[in-house]
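> give me the fold of what follows.
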Amino acid sequence: MLDIKFVRENPEAVKENIKKKFQDQKLPLVDQVLTLDAENRTTIQEAQDLRTARNAKSKQVGILMGQSKKDPSKLAEAEQLKAEVKADADRLAYLETRETELAEQIRHIMLQIPNIIDPSVPIGPDDSCNVEVQRFGEPVTPDFEIPYHTQIMESFNGIDMDAAGRVSGNGFYYLMGDIARLHEAVLAYARDFMIDKGFTFCVPPFMIHGNVVEGVMSQTEMDAMMYKIEGEDLYLIGTSEHSMIGKFIDHIIPEDSLPQTLTSYSPCFRKEKGAHGIEERGVYRIHQFEKQEMVVVCKPEDSMKWYEQMWKYSVELFQSMDIPVRQLECCSGDLADLKVKSCDIEAWSPRQQKYFEVCSCSNLGDAQARRLKMRVKGENGTCLPHTLNNTVVAPPRMLIAFLENNLQADGTVKIPAVLRPYMGGKELLVPKK
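Residues are numbered from 1 along each chain as shown. Reported below is the predicted structural model:
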């Protein structure tokens, strides 16, 4: 969310940013919010003037009432002032109600106006305009056919989607045996990888209040993603970033405690509205999965440095598991409204002969901090911190990349050295059938 003062002083820049994000339907919001803001400021000033006048008149009434004991003519003057004080109080009550109404209307609109994107963001309407920046590792195409990922898992008796469908419906799964163990091994390795980078490990709440949801994401994202608990002001998290950033709601952070670098484990729950292609069958796009996340809260001047460092951690992690990846810069139209800059890390799929998303790194500037009323206090006063997040790993999706890139012609799967301590020393997974 932008600062209303910034919108007031830079309306054309805000409109131009909306155009860059291909959200022209939001252009009228800028003029609407400025009109409401002008009325609100006038209302606030009138209310303040009335309070000052009321206080002065009230004091004068007291003086006149004292004087009326000796001079009865002062009583009529005091009664006249009392009537004025009453009228002022009635008007003030109306103005205070109107202030509340206007503030809510302004906030509602401001939540819809997108954040100002970084000048380096490529301009384009959708993800087809995302730009490949660089590749890491050599994409390999084996000389044998690679089965669909659920077929690979089934060869190890490692997945049962039919049973999950009967129990929970589409978009759920049972992982079993070596595949379930591999799933947990990847999460444990990712946790330790980030701890070794100096991040503090955290297991957060898996449900959050509505005001935290509003603070960390746009209404569009909320509608498309979040499951609400019926009868409760609670939502299941779609990613631990939500509760991790929410940890700092209404909080003043000492400047000398920054940066806050946290890595969190959680299950994630998502509606995943909309139609998806054939390659999103299996465990590619599901309603429930687990994830290791990284979150940084830092000084504004440090956020771009952290952004560069965070996506590079993802690259290092995937390369350590023998998975080729590439960095893809997200274009303006593919950025969620709170994001200043974002990139995806995509893993190579030998079966599909293309890359697909496994991590998403985002710099949200001060948008979440403003919504959540987070502050940093230092020697030079207070400011809004910047917040960033990035996926460390999100199995079972990343297992698709892992299995395809480590599959052998005989159906076995190599276990990279970094994962063997988490797999009981196993170097190879052998199919059951």
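> and the residue nearest to residue 185 when sequence neighbours are not counted, how many residues sit next to it?
In this structure, residue 185 finds its nearest non-sequential neighbour in residue 422, 3.6 Å apart by Cβ to Cβ, 6 or more residues apart in numbering. Glycine gets a C-beta too; all of them are placed from N, C-alpha and C. By other Cβ atoms under 10 Å, 18 other residues sit near residue 422.
> contacting residues around residue 422?
184, 185, 186, 188, 189 (Cβ atoms under 8 Å, 6 or more residues apart in numbering).
> didn't the last one look like it was pressed against residue 417?
Which is residue 189. No. Checked against Cβ atoms under 8 Å, the pair residue 189 and residue 417 is beyond contact range at 10.8 Å.
> more neighbours: those two, which one.
A side-by-side neighbour count of residue 189 and residue 417, using other Cβ under 10 Å, places residue 189 first with 23 against 11.
> from residue 255, how far out is that one?
Separation of residue 189 from residue 255 (Cβ to Cβ, to the nearest Å): 34 Å.
> what does the helix or strand hosting residue 264 contact?
Taking DSSP states H and E as the definition, one finds residue 264 inside strand 260-269. Residues outside strand 260-269 that contact it (Cβ under 8 Å, 6+ apart): 187, 191, 194-195, 197-204, 206, 227, 236-241, 243-244, 248, 253, 287-298, 392, 394.
> now it: how far from the chain's centre is it?
12 Å (Cα atoms, centre = their mean, to the nearest Å).
> direction included, what does that strand pair against?
Neighbouring strands of strand 260-269 in its sheet, by DSSP bridges, are strand 200-202 (parallel), strand 288-298 (antiparallel).
> can you redo these as TSV with distance to residue 4 and mean neighbour count?
Output for those, formatted as TSV (distance: least, Cβ to Cβ, whole Å; neighbours: other Cβ atoms under 10 Å):
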stretch	distance to residue 4	mean neighbour count
strand 200-202	33	14
strand 288-298	23	23
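> ok, which of the ones you listed comes nearest residue 48?
For residue 48, the closest of those is strand 288-298, at 35.3 Å, according to Cβ to Cβ.
> which outside residues touch the helix or strand following the closest one?
Once strand 288-298 ends, the next helix or strand along the chain (criterion: DSSP H and E) is helix 303-320. Applying Cβ under 8 Å, 6+ apart, the external contacts of helix 303-320 come out as 118, 136-137, 190, 193-194, 197, 259, 294, 296, 298, 325, 327, 341, 343, 345, 347, 358-359, 361, 363, 365, 386, 388, 390-393, 401, 416, 418.
> in contact with the residue nearest to residue 44 when sequence neighbours are not counted, which residues?
Sequence neighbours aside, residue 99 is the residue nearest to residue 44 in space, at 6.2 Å (criterion: Cβ to Cβ, 6+ apart). Contacts for residue 99 (Cβ under 8 Å, 6+ apart) come out as 40, 43, 44, 47.
> hmm, 10 Å instead?
Under the criterion of Cβ atoms under 10 Å, 6 or more residues apart in numbering, the neighbours of residue 99 are 39, 40, 43, 44, 46, 47.
> okay, and it sits in which element?
Per DSSP H and E: helix 73-110 holds residue 99.
> relative to helix 303-320, how tilted is the next helix-or-strand element following that helix?
Downstream of helix 73-110, the next assigned helix or strand under DSSP H and E is strand 131-136. Interaxial angle, strand 131-136 versus helix 303-320 (axes from the mean of the first three to the mean of the last three Cα atoms, to 10 degrees): 50 degrees.
> just the buried residues of strand 131-136, please?
Residues of strand 131-136 classed as buried by neighbour count (16 or more other Cβ atoms under 10 Å): residue 136.
> partner strands of it, parallel or antiparallel?
Sheet pairing for strand 131-136, assigned by DSSP bridges, gives strand 325-329 (antiparallel).
> any idea of the mean pLDDT for the partner strand?
Average pLDDT, strand 325-329: 98.
> in terms of secondary structure, what does the helix or strand that it is followed by contact?
Later in the chain than strand 325-329, the nearest helix or strand by DSSP H and E is strand 341-349. If you count contacts as 3 or more Cβ pairs under 10 Å, 6 or more residues apart in numbering; DSSP states H and E, strand 341-349 packs onto strand 131-136, helix 303-320, strand 325-329, strand 354-363, strand 386-393, helix 397-406.
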